[in-house]
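Asks: What would the 3D arrangement of this be:
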Amino acid sequence: MTKYTIPALLDNAITKYHNQPALAFAGDTPINYEQLGQQVEAASAMLQKLGVTQRDKVAILSTNMPNWGVAFFGILKLGAVAVPILPDFHNNEIKSIIDHSEAKILFVSENLYNKIEKETFESLETIILIDRFAVVPQGTSQAQLKKLEGNASDTSAPISYPELGEEDLASIIYTSGTTGSSKGVMLSHKNLAWDAMQSATLQPIVCEDRFLSLLPLSHTYENTLGLLLPIFHGASVHYLQKPPTASVLLPALKLIKPTKVLSVPLIIEKIFRAKIYPNFQKNAVIRTLYKAKPFRKLLHRVAGKKLMATFGGKVDFFGIGGAKLDPAVEQFLLDARFPYAIGYGLTETSPLLAGTTTKNTRLGSTGTVLQGVSLRISDADQATGEGEIQAKGPNVMKGYYKMPEITAQAFTADGWFRTGDLGAFDSKGFLFIKGRIKNMIVGASGENIYPEEIESVINRMRFVLESVVVQQKGKLVAFIHLNMEEIENQYLSLRSDALQFKEKINERKDEILKEIQNKVNAEVNKFSRIQQVIFQPVPFEKTPTQKIKRFLYYQNI
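Replies: Numbers count the residues shown, from 1 in each chain. Here you go, the predicted model:
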């Protein structure tokens with residue numbers, strides 16, 4: 001019988017796959033499972049020597065690397081609680097999380113050390129440089145970090161490992177949502193371990209699989225599905241040493257040739273809008289052909305083969321989650337026969353609740369319910385079947401840390417978790433998400449307006465990279481970020497006259513925004529029509545899973 005604790009499943013993987021590659025930086029020789037086990041033991045021994053005992057909190061503030069997983073597993077084997085911190089958090093948020101979680105020790109990567117302020121340092125017992133597992137003396141400067149030597153602990157002395165229960169707390173993950181509030185989600189060993197193991201019922205994992213890690217490990221999406229899932233099944237995980245810009249990502253893809261990639265919509269949407277779609281619009285002949293469905297599918301098929309080659313040619317599962325995928329981009333992936341799959345979940349549900357496989361994708365759907373999970377639609381609208389999605393299952397959180405009132409509000413009287421998402425099931429059991437309840441706008445006559453649906457229409461328009469729809473004094477307003485590079489390329493002949501070039505670009509930009517407004521309003525229902533369009537000159541600020549922080553743009557109104 002499976003014991004759903006992370007150390008038990010890790011030990012099983014180490015025994016079963018001891019010679020298989022486990023973790024590596026792109027291009028480096030991976031450590032194998034036997035070496036992973038030894039390094040985890042050394043991390044546990046180091047923590048025990050520093051006084052860490054069961055239920056102590058140990059934080060991790062680090063970019064993705066093999067040592068992230070080593071530290072995480074080392075913490076959990078001692079029965080301590082891991083507190084992953086998102087690298088994009090502000091210094092003040094980091095201090096607040098460390099204080100709120102009562103973390104004793106912090107693992108920090110060299111490139112994030114400058115986020116640790118003096119007051120934060122003083123509130124901790126010890127700081128460990130995760131790159132080399134070196135204890136950092138107080139007052140150490142950024143420049144002095146490179147001189148620190150790793151403190152490899154002697155594991156010959158017996159380590160006192162506690163007997164862990166499935167319901168023991170494993171991790172507290174502080175969310176960074178689109179509403180700006182951050183809460184500590186308490187996830188047990190069973191929450192995380194069960195969800196990781198159960199996810200393999202959707203997509204089987206084999207030890208030959210190579211995962212490419214693009215999303216922060218401190219987010220439960222990457223933590224569960226990008227670390228625990230592959231490790232429990234003997235696969236290898238590969239990390240980038242720098243942020244995934246094109247110059248870093250493209251060579252890494254050729255080296256790794258990943259079979260499994262986990263992504264958020266924005267990554268594939270940016271590739272489509274900036275690199276693929278403009279090729280379908282570059283001249284009048286292709287533009288005309290692209291309007292005809294048979295030719296469009298053919299063009300998508302050709303572009304899909306190039307996309308597959310770009311990703312190394314071996315991808316058999318490209319998972320997308322964290323936000324709603326633009327329908328036009330999904331149609332491209334479907335036509336291109338690119339092996340994508342959509343998943344749905346939340347930090348509070350460890351995360352996966354529902355998903356598709358690469359063979360049963362359905363346009364606009366997040367798939368069917370994960371085996372062992374129950375979902376229901378609460379107070380469904382009789383006409384549309386839409387209502388709040390509520391969940392029950394072994395992956396649902398224990399609650400929010402030190403927030404009993406908010407925890408109580410998150411559950412119904414009969415024990416179902418309120419996701420805050422609006423959705424509906426079709427006759428085949430496929431789930432369709434309408435949007436967040438908090439984002440829904442109530443029209444002048446009481447109509448429910450879903451900004452995400454209007455944004456998906458806007459984002460299909462030529463030159464659009466991303467958009468946000470909000471309500472301003474009873475009017476619907478769209479902030480739109482355009483692909484200015486594509487617009488400017490149309491007027492390269494005017495570049496010698498800087499003033500004329502700038503005037504022409506601004507004139508064309510205004511024309512495009514007006515055209516977008518007219519085209520969108522011709523497609524949406526009467527009460528969803530955009531009454532004002534505002535040019536967004538820079539990309540929208542986003543969460544670590546690349547969802548736009550909507551609350552920032554409400555404040556601009």
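
Asks: So which residues of the stretch 301-450 of the chain form strands?
Replies: Assigned by DSSP state E, counting those that start in this stretch, the strands in the stretch 301-450 of the chain fall at 317-320, 340-345, 352-355, 368-369, 374-378, 387-392, 399-400, 417-425, 431-436, 441-442, 448-449.

Asks: tell me the average confidence for the helix ranked longest in the chain?
Replies: Looking across the chain with DSSP state H, the single longest helix is helix 498-523. The pLDDT scores in helix 498-523 average 93.

Asks: helices or strands next to that helix in the packing?
Replies: Applying 3 or more Cβ pairs under 8 Å, 6 or more residues apart in numbering; DSSP states H and E, we find helix 498-523 packed against helix 451-458, strand 475-482, helix 484-488, strand 532-535. In this view, the C-beta of every residue, glycine as well, is placed from N, C-alpha and C.

Asks: Mind checking the ones you listed for the one nearest to Glu523?
Replies: helix 451-458 (5.3 Å; Cβ to Cβ).

Asks: any idea how far Asn525 is from Gln471?
Replies: Using Cβ to Cβ, to the nearest Å, we find Gln471 at a distance of 16 Å from Asn525.

Asks: residues in contact with Thr120?
Replies: When contacts are counted by Cβ atoms under 8 Å, 6 or more residues apart in numbering, Thr120 touches 91, 94-95, 98.

Asks: May I see the residues you listed organised as JSON lines, with distance to Asp168 added?
Replies: Conversion of those to JSON lines gives the following (distance: Cβ to Cβ, whole Å):
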{"residue": "Asn91", "distance to Asp168": "31"}
{"residue": "Ile94", "distance to Asp168": "26"}
{"residue": "Lys95", "distance to Asp168": "27"}
{"residue": "Ile98", "distance to Asp168": "22"}
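
Asks: so which of those comes closest to Asn483?
Replies: Asn91 (33.3 Å).

Asks: beta partners for the residue nearest to Tyr401 when sequence neighbours are not counted?
Replies: Of all residues beyond its chain neighbours, the one nearest Tyr401 is Gly184 (3.5 Å), with distances taken as Cβ to Cβ, 6 or more residues apart in numbering. Beta bridges link Gly184 to Tyr174 when assigned by DSSP bridges.

Asks: from what I can see Leu253 touches Arg210, true?
Replies: No. Shown here, Leu253 and Arg210 do not form a contact pair, counting by Cβ atoms under 8 Å, at 10.8 Å.

Asks: Show me which of the contacts of Thr120 is closest to Tyr4.
Replies: Nearest to Tyr4 among the contacts of Thr120, with distances taken as Cβ to Cβ, is Ile98, at 28.5 Å.

Asks: and the nearest residue to Pro230 once chain neighbours are set aside, helix, strand or coil?
Replies: Take Pro230 and drop its neighbours on the chain: the residue closest to it by Cβ to Cβ, 6+ apart is Phe211, 4.8 Å away. Secondary structure, DSSP: H, G, I helix; E, B strand; the rest coil: Phe211 is strand.

Asks: picking up where we left off before, between Gln471 and Asn525, which one's more packed in?
Replies: Gln471 (16 against 12; other Cβ atoms under 10 Å).

Asks: can you give me phi and psi for the more buried one?
Replies: Dihedral pair for Gln471: phi -110, psi 130, per degrees, to the nearest 10.

Asks: pLDDT below threshold where in the protein?
Replies: Within the chain, the ranges that satisfy pLDDT under 70 run 152-156, 176-181, 444-446, 545, 555-557.

Asks: For the helices and strands packed on helix 498-523, give me a markdown table that also has mean neighbour count and distance to Asn395.
Replies: Listed next are the helices and strands packed on helix 498-523 as a markdown table, based on neighbours: other Cβ atoms under 10 Å; distance: least, Cβ to Cβ, whole Å:
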| stretch | mean neighbour count | distance to Asn395 |
| --- | --- | --- |
| helix 451-458 | 21 | 25 |
| strand 475-482 | 20 | 35 |
| helix 484-488 | 15 | 42 |
| strand 532-535 | 16 | 40 |
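
Asks: okay, how far is it across stretch 239-251, tip to tip?
Replies: 13 Å (Cα to Cα, to the nearest Å).

Asks: how about that stretch: buried residues?
Replies: By neighbour count with 16 or more other Cβ atoms under 10 Å, stretch 239-251 contains the buried residues 239-240, 244, 249.

Asks: Can you tell me which of these end up in helices?
Replies: The helices, defined by DSSP H, take in Leu249 from the buried residues of stretch 239-251.

Asks: Show me the buried residues of stretch 239-251 that map onto strands.
Replies: Per DSSP state E, strands hold the following members of those: Tyr239.

Asks: packing partners for the helix or strand Leu47 falls within?
Replies: Using DSSP states H and E, the element containing Leu47 is helix 33-49. Here helix 33-49 touches helix 6-16, strand 21-25, helix 66-77, going by 3+ Cβ pairs under 8 Å, 6+ apart.

Asks: Which residues does that helix contact?
Replies: With Cβ under 8 Å, 6+ apart as the test, helix 33-49 has contacts from 10-11, 13-14, 16-20, 22-23, 31, 58, 67, 69-71, 73-75, 77-78, 80, 105, 128, 133, 151-155, 157, 159-161, 231, 234.

Asks: For Val464, give the beta-bridge partners.
Replies: Here Val464 sits in beta bridges with Leu482, as judged by DSSP bridges.

Asks: Verify the stated contact: it with Phe272.
Replies: No. Counting by Cβ under 8 Å, Val464 stays clear of Phe272, with 11.4 Å between them.

Asks: more neighbours, those two?
Replies: Taking other Cβ under 10 Å, Val464 and Phe272 do not tie; Val464 has more neighbours (23 against 20).

Asks: quick one on the thing from earlier: just name the most buried of the strands of the stretch 301-450 of the chain.
Replies: Highest mean neighbour count among those (mean count of other Cβ atoms under 10 Å): strand 352-355, with a mean of 27.

Asks: Would you mind listing the outside residues contacting that strand?
Replies: Contacts of strand 352-355 (Cβ under 8 Å, 6+ apart): 195, 198-199, 202, 224-225, 319, 321, 341-346, 366-370, 373, 375, 391, 393, 395, 419, 431.

Asks: Report the distance from that strand to the chain centre.
Replies: Averaging C-alpha positions (Cα atoms, centre = their mean, to the nearest Å) puts strand 352-355 14 Å from its chain's average.

Asks: what about dumping the CA coordinates of it to PDB?
Replies: What follows is strand 352-355, C-alpha atoms only, in PDB (Å, rounded to 0.1, in the frame of the first residue of the first chain):
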ATOM      1  CA  LEU A 352      -4.300  19.700 -10.200                       C
ATOM      2  CA  LEU A 353      -8.100  19.200 -10.200                       C
ATOM      3  CA  ALA A 354      -8.800  18.500 -13.900                       C
ATOM      4  CA  GLY A 355      -6.900  18.000 -17.100                       C
END
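
Asks: what pairs with that strand, and is each one parallel or antiparallel?
Replies: With DSSP bridges as the test, strand 352-355 pairs up with strand 340-345 (antiparallel), strand 368-369 (antiparallel).
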